[in-house]
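In: give me the fold of what follows.
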Amino acid sequence: MVGNAQSGAKRKEIYKYDAPWCIFSMNWSVRPDKHFRLAVGSFVEEYNNKVQIVCLDEDRGEFVVQSTFAHHYPTSKIMWVPDTKCMFPDLLATSGDYLRIWRVHEDNEVKNECLLNNNKNSDYCAPLTSFDWNEVDPNILGTSSIDTTCTIWALETQQVMGHTSAVSGRVESQLIAHDKEVYDIAFSRAGSGRDMFASVGADGSVRMFDIRNLKHSTIIYEDLTHAPLLRLAWNKQDTNYLATFAVDSVEVIILDLRVPCTPVARLNSHRAYVNGLAWAPHSSCHLCTASEDCQALIWDIQSMPRAIEDPILAYTAAGEINQIQWSSTQPDWIAICYNSAMEILRV
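Out: Below is the predicted model:
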């Protein structure tokens, strides 16, 4: 992965898609019959955003747009249903003003299945900063909002004579998760894999919750300066570890639930603000981070608690990287986006 975006020698290691607008969010499809398919969302200030579904044509060596649909506000996050066995319809979720569930039909036409709104008694909707889709039970989603709450949603799909009828959703529970805005939420694979989740927010804390008892939470970490924490991600193979970073920070913090409140590692090789992170889906000791310094860095953390000085791999893009995603079904591929470009990199 070490290289430069202009390098032609590694053409088969890098594929690029140029969108007609600035890309803000993206996500890999996990369906085994949809290799190299991603959804990308625009960031346009006008009330005129778009989501595209693109797929790599491996014969031509380029991405093809399969569908485009309107999404008034920018998507704060996009996720495909985490359904590797194709038990669910081909669903896609987006967050922005609301949580929306979309269905991709076999002709690649995309239709909105449902809009999930937990504030039906008011014209005001608190924007959703992020959401997560439970991998063990894809009927469960969790959203985070600037109104200090997290909401757990139960998705319902009904089978009628072999055909899937409309998808709907209902509020399972809502809780005030933080003292200020909540910026991210992520389910843990710990225990059954469906009950535990963590959140981060503007109060500078990482908090852990159990869906079965939302009256209590555990504070895993609090930033000493109360700097807002922007994103978090659980280690996919070892549920003791999670990573987070603060707003306007060059450092990624790794936490161990067995040693709460004290980071077990600090990754600080970036030279500009960190924008994204992703754990390897197949390894407990590898993590990728992305930054406005145009670099995507892969770290090996197996030497913890000894200090981790340098990443093991680095890739320099042609712009400030604002998003990174590691493919769970094709773990030798990572996707990054910067400006209007999305690149997938073989690692």
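
In: tell me how far Gly193 lies from Ile211.
Out: Per Cβ to Cβ, to the nearest Å, Gly193 is found 11 Å from Ile211. (Glycine included, C-beta is placed from N, CA and C.)

In: of these two, which one has the most company?
Out: Ile211 (17 against 14; other Cβ atoms under 10 Å).

In: for the more buried one, what are its contacts?
Out: Each residue near Ile211 by Cβ atoms under 8 Å, 6 or more residues apart in numbering is listed here: 140, 152, 172-173, 194-197.

In: confirm for me that His282 is in contact with Gln330.
Out: No - with contact defined as Cβ atoms under 8 Å, His282 does not count as touching Gln330 (10.2 Å).

In: between the contacts of Ile211, which has the most around it?
Out: Phe197 (25 neighbours).

In: give me every residue that touches it.
Out: Applying Cβ under 8 Å, 6+ apart, the residues near Phe197 are 132, 142, 150, 185-188, 208-209, 211.

In: and Asn339, by the same measure?
Out: 22-23, 318-320.

In: closest to Asp223 out of those?
Out: Nearest to Asp223, judged by Cβ to Cβ, of the contacts of Asn339 is Glu320 at 23.7 Å.

In: surely that closest one touches Ala272?
Out: Yes - contact criterion Cβ under 8 Å: Glu320 and Ala272 qualify, at 7.3 Å.

In: pull out the buried residues from stretch 323-336.
Out: 323-328, 330, 333-336 (16 or more other Cβ atoms under 10 Å).

In: let me know the closest of these to Tyr73.
Out: Gln323 (16.9 Å).

In: which SSE is immediately downstream of the helix or strand containing that closest one?
Out: Counting by DSSP states H and E, the element that carries Gln323 is strand 321-326. Sequence-wise, the next helix or strand downstream of strand 321-326 (DSSP H and E) is strand 333-338.

In: what angle do the helix or strand following that next one and strand 333-338 make?
Out: Counting by DSSP H and E, the next helix or strand C-terminal to strand 333-338 is strand 341-346. Strand 341-346 and strand 333-338 are oriented at 160 degrees to each other (axes from the mean of the first three to the mean of the last three Cα atoms, to 10 degrees).

In: who's in contact with strand 341-346?
Out: Residues from elsewhere that reach strand 341-346 (Cβ under 8 Å, 6+ apart): 1, 5, 12-19, 23, 26, 36, 38, 40, 54, 56, 63, 296, 315, 317-319, 327, 332-337.

In: please flag which of the residues you listed sit within strands.
Out: Within these, residues falling in strands by DSSP state E are 14-18, 23, 26, 38, 40, 54, 56, 63, 296, 315, 333-337.

In: I'd like to know which of those residues are buried.
Out: Among these, those buried by neighbour count (16+ other Cβ under 10 Å) are 14-15, 17, 23, 26, 38, 40, 54, 56, 63, 296, 315, 333-337.

In: spit out the contact partners of the spatially most central residue of the chain.
Out: Nearest to the mean C-alpha position of the chain, by Cα atoms, centre = their mean, lies Lys77 at 6.4 Å. Contacts for Lys77 (Cβ under 8 Å, 6+ apart) come out as 25, 27, 94-95, 130-131.

In: so what's it bridging to?
Out: Beta-bridge partners for Lys77, by DSSP bridges, are Ser95.

In: and it, what's its pLDDT?
Out: pLDDT for Lys77: 98.

In: hmm, back to that, next, format the contacts of Asn339 as TSV and append distance to Ile344 and pLDDT.
Out: Shown next, in TSV, are these (distance: Cβ to Cβ, whole Å; pLDDT from 0 to 100):
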residue	distance to Ile344	pLDDT
Cys22	18	98
Ile23	13	98
Ala318	15	98
Gly319	16	98
Glu320	18	99
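
In: run through the bridge partners of Arg37.
Out: Here Arg37, judged by DSSP bridges, has bridge partners Cys55.

In: now for it, how many residues are close by?
Out: Quick note: Arg37 (other Cβ under 10 Å) scores 20 neighbours.

In: kindly report the same for Ala227.
Out: Neighbours of Ala227 (other Cβ under 10 Å): 15.

In: I'd say it and Val247 touch.
Out: Yes - if you go by Cβ under 8 Å, Ala227 and Val247 touch, sitting 6.5 Å apart.

In: one step back: can you lay out the contacts of Phe197 as a markdown table showing secondary structure, pLDDT and distance to Ser168?
Out: Below are those laid out as a markdown table (DSSP: H, G, I helix; E, B strand; the rest coil; pLDDT from 0 to 100; distance: Cβ to Cβ, whole Å):
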| residue | secondary structure | pLDDT | distance to Ser168 |
| --- | --- | --- | --- |
| Asp132 | strand | 98 | 20 |
| Gly142 | strand | 97 | 17 |
| Cys150 | strand | 96 | 21 |
| Ile185 | strand | 98 | 21 |
| Ala186 | strand | 98 | 24 |
| Phe187 | strand | 98 | 21 |
| Ser188 | coil | 97 | 26 |
| Met208 | strand | 97 | 29 |
| Phe209 | strand | 96 | 25 |
| Ile211 | coil | 94 | 20 |
